[in-house]
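> Predicted model, plus sequence, below.
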Amino acid sequence: MNNIIELKNVTKEFKVLNRHEGLKGCIKDLFSRDYKIVRAVDNIDLEVTQGEIIGFLGQNGAGKSTTIKMMTGVLEPSSGNLIINNRIPYTDRTKNSQEIGVVFGQRTQLWWSLPLVESFKLLKDIYQISDENYNEMLELYGSMVDIETLLHKPVRQMSLGQRTLSDILAAFLHNPKVVFLDEPTIGLDVAMKSKIRELILELNRKKNTTVILTSHDMGDVDALCQRIVIIDKGNLLYDNEISHLKHFFGIYRTLKIRPRENVIEVANKLKDELYAFEVSITNDDTWISILVNEEKNRIMKVLEAVQETHAIKDMQLKEISTEDVIKKIYEGGVRN
Amino acid sequence: MKNVTGNESGAAIKRRGLVFYTKIYFKIIAQDIKSKMSYRADFIISTIGIIATNIAGFIAFIIMFGKFPSINGWSYYEILFLYGFSLISITPTQCLLDNNWSLRRYVYDGDFVKYCFRPINVWFYYVSEVFDVKGLGQLVFGIGALVYAWIKLAIPVEFLLIMKIIVALVTASLFMMALQNAAAASCFWIQNSFWLLDISLKMKDYAKYPITIFNDVFRFIFTFILPVAFMAYYPSLVILRPDNVPVLTWLSPVLGVAAFYGSYKLWMKGASKYDGSGS
Amino acid sequence: MKNKLKKYFALTRLGIIETFQWRLALFVMILGNLLYLTLIYFLWKAIFSSAGNDVVNGMTFEMTMVYLVLATSLYGVVELYIVWEIGRNIQNGKIVLDLLRPIKYKHYVFWENSGVLVVNFLVTFIPTFVIVVIMTKGTIPLGWNLLYFILAFVFSIVINYNIDFIVGTICLYTESIWGINIMKQMIVALLSGATIPLAFFPEKFVAVVKYLPFKAIYDTPLTLLMTRNPGWQTVISKLGFSLFWMIAISAFSGFFWRISIKQVTVNGG
């Protein structure tokens, strides 16, 4: 067996103080010992082989970041077995860190006011990277991105995209076996997103690095992952090949339109008019969202049908989001 | 399983011992000093701040003690000696452990987690990140006061005495570092540890008075519960009262090491229970 | 007008709730103050016994202690660490959001912190005052002086806040918090009589200090509180002094903020 990551019946519970509301509650809290147990992760099993890229999905508070913190050795599981690279990360934190890399989308781990190269040099010493491996890695980076410009720029002067790029490069620098990427493309424009995706994919191929990716962007998942794991309310909801799921989110897209007339009236009318297309329609104050199954109907046909009876001010075409996918799985559209 | 480049796990990685940590420490603080250079105005103002603060502290000292030739059997220059001694022994805490002041914020915002991913000791990595150069301003005042008092008290300048004062200063520094470190670590358990840190900082002000001014109860408290008396008084007795050195003074270097080690363990225990979400 | 006040009081209420959220902080703060008071008790006792005189610089040991105990608890009420807050908001850019609020920034920061002030006053000063009154039996008269004190204390809060706000404004230029703040704390504590009663200062020093606004923060309210039957000239001159500085310093801090914030907008900071 070549499992780089193995989780068996992993559970994590937290003790949380029950807070009371209002001024009186606050005074009560001063002396209160009223705790409740929250189970953030509930009996999760997971096996990952070397070199996989896994999309780790779930809503905020679903337990995915707790799981990642356990895998990185920051948190100790309340029960169950968790092995990374034949080690228990929590008890062997230092050795485990030697072989993992971590990137948090918004929080840089680089030295803020120094040029990137200074951070790299420090990391080289901290991870005891040999000159040979270090230079080889820089060369590899040079073949992928414009490394010279990045190296001599202070991190605080970088754009968000450059900073994320630098953080990813720093995480791979010591050639770890596993890299955890938390929302690596959050807040970036389309061009930068695809650049970052390419970089991750290439590093994964060249170095055979296992990548655990969390993202709210289905585009990231689609471009990078062969396999998807979805966690919801601490439970493993889904663990399968992406093709299985892709079939699903690939065929659904959301058509958003802004009518000239009153949004609510138009939305109500459309529910009748588009009955034959089997779409689901929702609306907010300005937009009407029409979720279209493209296997059954082409999106242009739906748009035409709308235009026949209503004037459209503006329109958008949206890929399905991870949240929508999770919702659909709940509704029973996809089976594990 | 293929591993394309070398870096074969374990084999290339040396044990991380004292040499490794010393080397890394100087590299990390060098980076910190480089960073500080890029905020020069801040550096200059902070230096002026610490000088002004010390002058104000000194004026307060003169106002309180200048009029009286002796207090509680301690002459003016002996008290000045303690004053300088406490300023010097606070310096390592100020210079080396300054990042502890930000610990509360890192923990609260969840940013502390970034220190947990590196293959080196968390405490070491955290405190090494900041080296507070301005602390050295205090050191100058402290040495000035101590040397002046030394001359006025007509203490001979002998090798043995100088060795003794150095050991005494290191001991006192260890106690101060231990107290600040433990106070900072409290933020892993309680939400607003600022007050504890603030108190630990004030302790240095208490340290500069001879413990004999207190009654028995507080002498006991400041010796065995809050080790304020070890931050200047007991160690400096070696110089000020060489004929009558209590056992506690001789024990203080060992106790200092123990206190510091204890505070380190406490800090690490807190870090290990940190859940990364902010407490 | 009523709505306006409501807006402010909503901030005060939130502040009170937040203060209690910091569970242990309160206990620790009280403990810290008790330790400090212990220190100054023994220290001044040693000083008075070395002087060999019951009265030093016109003050008895009891009066000195009463003064210092009350000054310490007032310090805990008045010191709101405003400079830290403004400085940090400048550094992390949160100030831009605060500037967009429909309240003047200076007022916003004040009312946001007023909850802490109220709690501190109720939790530290009032109990301390009651204990001191009972223990010293009659050292503090209970009459009109309480009213004078309250007035002087309100002036004191405003003056201290405006000094903080001016120092906080300087952070707009320097981006430095620590150095400026620690300097301010030390200088205000010394010149206002928070740590040593002004009566102990050398004459030449007092000659300068008595014209500065700092003494209105601790010295004036406490002197008014502790003086039995002061002449109305004394009351008027002391309160007048505080009032004058309150108006002058408020005007200046507002003016300084206005020109400084312009500077920053121009610089694009």
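Received, thanks.

> where in the chain is pLDDT low?
Unless you meant another one, I'm taking chain A. The model of chain A has pLDDT under 70 over residues A:1, A:17-34, A:105, A:246-250, A:321-322, A:330-336.

> my question was about chain C
Low-confidence segments of chain C (pLDDT under 70): C:1-4, C:14, C:16-26, C:175, C:264-269.

> Residue nearest the middle of it, spatially speaking?
Ranked by distance to the mean C-alpha position of chain C (CA atoms, centre = their mean), the top residue is C:Val78 at 3.4 Å.

> Quick check: closest non-adjacent residue to that residue.
Leaving aside its sequence neighbours, C:Val78 sits nearest to C:Asn160 (CB to CB, 6 or more residues apart in numbering or on different chains; 5.0 Å). To be clear about C-beta, it is placed using only N, CA and C from the backbone, and glycine gets the same treatment.

> same thing with A:Glu13?
Per CB to CB, 6+ apart, closest to A:Glu13 is A:Ser78, 4.6 Å.

> The one you found reaches A:Lys12, doesn't it?
Yes - if you go by CB atoms under 8 Å, A:Ser78 and A:Lys12 touch, sitting 5.2 Å apart.

> out of the two, which sits in the busier spot?
The neighbour count for A:Ser78 versus A:Lys12, taken as other CB atoms under 10 Å in any protein chain shown, is higher for A:Lys12 (24 against 15).

> Next up, the contacts around that one.
A:Lys12 is in contact with A:39-41, A:63, A:66-67, A:70, A:75, A:77-78, counting by CB atoms under 8 Å, 6 or more residues apart in numbering or on different chains.

> if you set the cut-off to 10 Å instead, what comes out?
Contacts here follow CB atoms under 10 Å, 6 or more residues apart in numbering or on different chains; on that basis A:Lys12 touches A:38-42, A:44, A:63, A:66-67, A:69-70, A:75-80, A:82, A:234, B:275.

> Selecting buried members of those residues in PyMOL, what would you type?
Buried subset of the contacts of A:Lys12, written as a PyMOL selection, criterion 16 or more other CB atoms under 10 Å in any protein chain shown:
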select buried, (chain A and resi 40+41+42+44+63+66+67+69+70+75+76+77+80+82+234) or (chain B and resi 275)
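
> Among the contacts of A:Lys12, which are located in strands?
Within these, residues falling in strands by DSSP state E are A:38-42, A:44, A:79-80, A:82.

> Any figure for the gap between C:Ile258 and chain B?
No, residue C:258 isn't Ile; it's Arg. Distance from C:Arg258 to chain B, counting by CB to the nearest CB, to the nearest Å: 22 Å.

> Next, that residue: secondary structure please.
Classification of C:Arg258 using DSSP: H, G, I helix; E, B strand; the rest coil returns helix.

> ok, now the one 3 residues further on?
Under three-state DSSP, the three-state class of C:Ile261 is helix.

> Hmm, it is touching C:Gly168, no?
No - C:Ile261 sits out of contact with C:Gly168 when judged by CB atoms under 10 Å, with a separation of 11.7 Å.

> Neighbour count for these two, which is higher?
Legend: neighbour count by other CB under 10 Å for C:Ile261 and C:Gly168, higher for C:Gly168 (28 against 15).

> you'd agree the more buried one is up against C:Lys106?
Yes - using CB under 10 Å, C:Gly168 is in contact with C:Lys106, at 9.4 Å.

> who touches both of these two?
Taking CB under 10 Å, 6+ apart as the criterion, C:Gly168 and C:Lys106 both touch C:86, C:161, C:253, C:257.

> Distance of the closest residue to chain B within the stretch 151-269 of chain C relative to chain A?
Using CB to the nearest CB, C:Gly179 is the residue of the stretch 151-269 of chain C that sits closest to chain B, at 3.1 Å. According to CB to the nearest CB, C:Gly179 and chain A sit 18 Å apart.

> check which helix or strand covers that residue.
Assessed by DSSP states H and E, C:Gly179 sits inside helix C:178-191.

> how far does that helix sit from the chain's center?
The chain centroid and the centroid of helix C:178-191 are separated by 13 Å under CA atoms, centre = their mean, to the nearest Å.

> That helix - contacts with which helices or strands?
Counting contacts by 3 or more CB pairs under 10 Å, 6 or more residues apart in numbering or on different chains; DSSP states H and E, helix C:178-191 is packed against helix B:40-65, helix C:61-78, helix C:82-92, helix C:144-174, helix C:203-209.

> Can you name every helix or strand that the shortest one contacts?
Translated: helix C:203-209. Secondary-structure packing of helix C:203-209 (3+ CB pairs under 10 Å, 6+ apart): helix C:178-191.

> Other residues contacting stretch A:253-269?
Residues contacting stretch A:253-269 (CB under 10 Å, 6+ apart): A:270, A:273, A:279-294, A:299-300, A:302-303, A:306-307, A:309-321, A:324.

> Any of these buried? List them.
A:270, A:273, A:279, A:281, A:283, A:287-293, A:299, A:302-303, A:306, A:310, A:320, A:324.

> Let's see which of those residues end up in strands.
Using DSSP E, A:281, A:283, A:288-293 are the members of the buried ones among the contacts of stretch A:253-269 that sit in strands.

> a markdown table please, covering these and showing distance to chain C.
Output for these, formatted as a markdown table (distance: CB to the nearest CB, whole Å):
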| residue | distance to chain C |
| --- | --- |
| A:Ile281 | 37 |
| A:Asn283 | 30 |
| A:Ile288 | 32 |
| A:Ser289 | 31 |
| A:Ile290 | 36 |
| A:Leu291 | 36 |
| A:Val292 | 39 |
| A:Asn293 | 43 |
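
> and which of the ones in strands among the contacts of A:Lys12 is nearest chain B?
Chain B lies nearest to A:Ala40 out of those, by CB to the nearest CB, at 9.2 Å.
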